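Asker: this is the structure alone, sequence omitted:
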């Protein structure tokens, strides 16, 4: 592996960036006057910030390291998660987002409580907290520490993660969601620029596009892989990836919270579709660089080293500082998103229910204290991630055992009027039991082997069956209480009349169709 060095200029650029983020957090902290300002940015965000924030929250340091690392180890099939996100965001914008915004909720568990009951709210809140802290925040801290340890090999990982956590936690705790989303917009731009520069230089180093296509095996440059593939087998692509993707983009508090901050349904939809469009370029600037690294660095000890090695080895002084700032920005983005959503969940789904007498400003203070506690826990947990093949594999594996019950609750709850609280409880219990049992049997004890993309649809089907049977054994819900949660073709027809009065460029349906067409072209080209 090449020797990694960093100049004083690069260090200066990174320090200026971090200082700017801290100052921004302090400025926005003065504007937060209550819970709605702090947790949902006053419900006044416009679509560019929503889209960029969605993208930056997802394309975190774990994704940057994971996408290139998986491409290096198993091939570009890892990109299937990216293009599938564009498809899911279209479905989210068309069907689910208007229903969620109509409820004016703070959290997604609060939404499910209205459709089912408080038991489902508590379960979903606890599950989301677990995933936010144990999976997302800890994963980002670990990915960032890997990079910095390349420069400072004698500094322990836990010390590096502590410093990263303190910086990210500062502006998130002080500024709330407004600080998170505005910094996310800056970070998204840095991520795109930095990754593009690395890709351009790497492509020149290997001799161009034709060399990449000829010298890297076709099995590592194909999106559609055999059923036994270790990365993303084709059956898992059509069954497992949509389930994991739906949870992440349509129900995950850290993501949907951005859409909940929209000033209108239109801005929420435009932001979601914009984020879907931003999910397509990562094939060229984040995934394929991992394929180029096969030619540049064939002897790397770990796939997690691919992106940081390319960053330090290929970029000249100055450009390295900007790109490193973008990479560290990705760490900040993932941490701030997970912390803000976790804090919102605890404050709104637990504290506000237990202490209804607390006013808006007191709830805001509680949220800040909760963030600090979660940050400390993530620092302690993060080193455990080193035992997984890659950071991306860690995240998707954890999701596959945990999220299928939530997807079942949302999908059937929106499309089936007969779903009720009894069915929801059955779905929750069966999903929890099978998820924990499967994780222990496969990942801990190694009793048998099953790809996580096959585990997710099996759990989803079991949860759907449990929800249907449980619902049919109890009286149907009051039609009036569930009507505003249900999507029907009639809703689509009513919107058609409203859209007829708008110019074509403001019609989200045209935007959605264009996004799906471009996505199809990319998938076919790299099939």
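Answerer: Okay, I see it. The shown structure was predicted, so the numbers you read here are calculated from the model rather than taken from an experiment.
Asker: please count neighbours and contacts with C-alpha atoms only from this point.
Answerer: OK.
Asker: any idea of the pLDDT on the most centrally placed residue in the chain?
Answerer: By C-alpha atoms, centre = their mean, the chain has its centre lying nearest to residue 58, at 3.8 Å. Note for residue 58: predicted pLDDT of 77.
Asker: distance of it relative to residue 218?
Answerer: Distance check for residue 58 against residue 218: by C-alpha to C-alpha, to the nearest Å, it reads 28 Å.
Asker: and residue 426, by the same measure?
Answerer: Counting by C-alpha to C-alpha, the gap from residue 426 to residue 218 is 45 Å.
Asker: please say which of the two ends up with more neighbours.
Answerer: When neighbours are counted by other C-alpha atoms under 10 Å, residue 426 and residue 218 differ, and residue 426 comes out ahead with 21 against 10.
Asker: that one is in what secondary structure piece?
Answerer: helix 421-439 (DSSP states H and E).
Asker: and that helix, what does it pack against?
Answerer: If contacts are counted by 3 or more C-alpha pairs under 8 Å, 6 or more residues apart in numbering; DSSP states H and E, helix 421-439 sits against helix 118-130, helix 391-402, helix 404-415, helix 452-472.
Asker: mind checking the pLDDT average for it?
Answerer: 94.
Asker: can you find the helix or strand of this structure with the lowest average pLDDT?
Answerer: helix 35-40 (a mean of 49; mean pLDDT, DSSP states H and E).
Asker: counting by contacts, list what the helix or strand following that one packs against.
Answerer: Using DSSP H and E, the helix or strand that follows helix 35-40 in sequence is helix 47-58. Helices and strands touching helix 47-58, by 3+ C-alpha pairs under 8 Å, 6+ apart, are helix 157-206, helix 253-260, helix 265-278, helix 319-346.
Asker: what would those look like in JSON lines with mean neighbour count and mean pLDDT?
Answerer: Formatted as JSON lines, the helices and strands packed on helix 47-58 follow (neighbours: other C-alpha atoms under 10 Å; pLDDT from 0 to 100):
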{"stretch": "helix 157-206", "mean neighbour count": "22", "mean pLDDT": "74"}
{"stretch": "helix 253-260", "mean neighbour count": "28", "mean pLDDT": "78"}
{"stretch": "helix 265-278", "mean neighbour count": "26", "mean pLDDT": "92"}
{"stretch": "helix 319-346", "mean neighbour count": "28", "mean pLDDT": "72"}
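Asker: of the ones you listed, which is nearest residue 299?
Answerer: In terms of C-alpha to C-alpha, the element of the helices and strands packed on helix 47-58 nearest to residue 299 is helix 157-206, at 15.8 Å.
Asker: so what touches stretch 115-135?
Answerer: With C-alpha atoms under 8 Å, 6 or more residues apart in numbering as the test, stretch 115-135 has contacts from 109-113, 252-254, 338-339, 341-342, 345-346, 349, 374-375, 377-378, 381-382, 394-395, 398-399, 402, 406, 413, 420-421, 424-425, 428, 481-482, 485.
Asker: just the buried ones from these?
Answerer: Among the contacts of stretch 115-135, the ones that count as buried by 16 or more other C-alpha atoms under 10 Å are 109-113, 252-254, 338-339, 341-342, 345-346, 349, 374-375, 378, 381-382, 394-395, 398-399, 402, 406, 413, 420-421, 424-425, 428, 482, 485.
Asker: export the helices and strands packed on helix 47-58 to CSV and tack on distance to residue 510?
Answerer: Shown next, in CSV, are the helices and strands packed on helix 47-58 (distance: least, C-alpha to C-alpha, whole Å):
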stretch, distance to residue 510
helix 157-206, 25
helix 253-260, 20
helix 265-278, 11
helix 319-346, 30
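Asker: run a quick neighbour tally on residue 363.
Answerer: Residue 363: 23 surrounding residues under other C-alpha under 10 Å.
Asker: ok, back up a step: report the buried residues of the helix holding residue 426.
Answerer: Buried, per 16+ other C-alpha under 10 Å, within helix 421-439: 421-432, 434-435, 438-439.
Asker: pLDDT wise, what is the residue of the chain positioned farthest from its centre at?
Answerer: The C-alpha centroid of the chain is most remote from residue 475, which lies 37.0 Å away (C-alpha atoms, centre = their mean). You'll see residue 475 listed with a pLDDT of 94.
Asker: equivalent analysis for the one 10 residues further on, please.
Answerer: The pLDDT attached to residue 485 in the predicted structure is 91.
Asker: hmm, back to that, how much space between the residue nearest to the centre of the chain and residue 345?
Answerer: As judged by C-alpha to C-alpha, residue 58 and residue 345 stand 19 Å apart.
Asker: from residue 274, how far out is residue 523?
Answerer: In terms of C-alpha to C-alpha, residue 523 sits 19 Å off from residue 274.
Asker: what is the burial count for the nearest residue to residue 188 once chain neighbours are set aside?
Answerer: Leaving aside its chain neighbours, residue 188 sits nearest to residue 56 (4.8 Å; criterion: C-alpha to C-alpha, 6 or more residues apart in numbering). Residues near residue 56, counting by other C-alpha under 10 Å, number 31.
Asker: next: residue 356.
Answerer: Using other C-alpha under 10 Å, residue 356 has 9 other residues around it.
Asker: returning to that earlier point: quick one, phi psi at the residue farthest from the centre of the chain?
Answerer: As for residue 475, its main-chain torsions (degrees, to the nearest 10) stand at phi -60, psi 150.
Asker: what residues are up against it?
Answerer: Here residue 475 is in contact with no residue (C-alpha under 8 Å, 6+ apart).
Asker: residue ranges in the stretch 1-150 of the chain under the pLDDT threshold?
Answerer: Within the stretch 1-150 of the chain, the segments meeting pLDDT under 70 span 1-4, 24-26, 28-44, 60-62, 143.
Asker: where along it do the helices fall?
Answerer: 8-29, 35-40, 47-58, 61-73, 80-91, 97-103, 108-115, 118-130, 138-151 (DSSP state H, counting those that start in this stretch).
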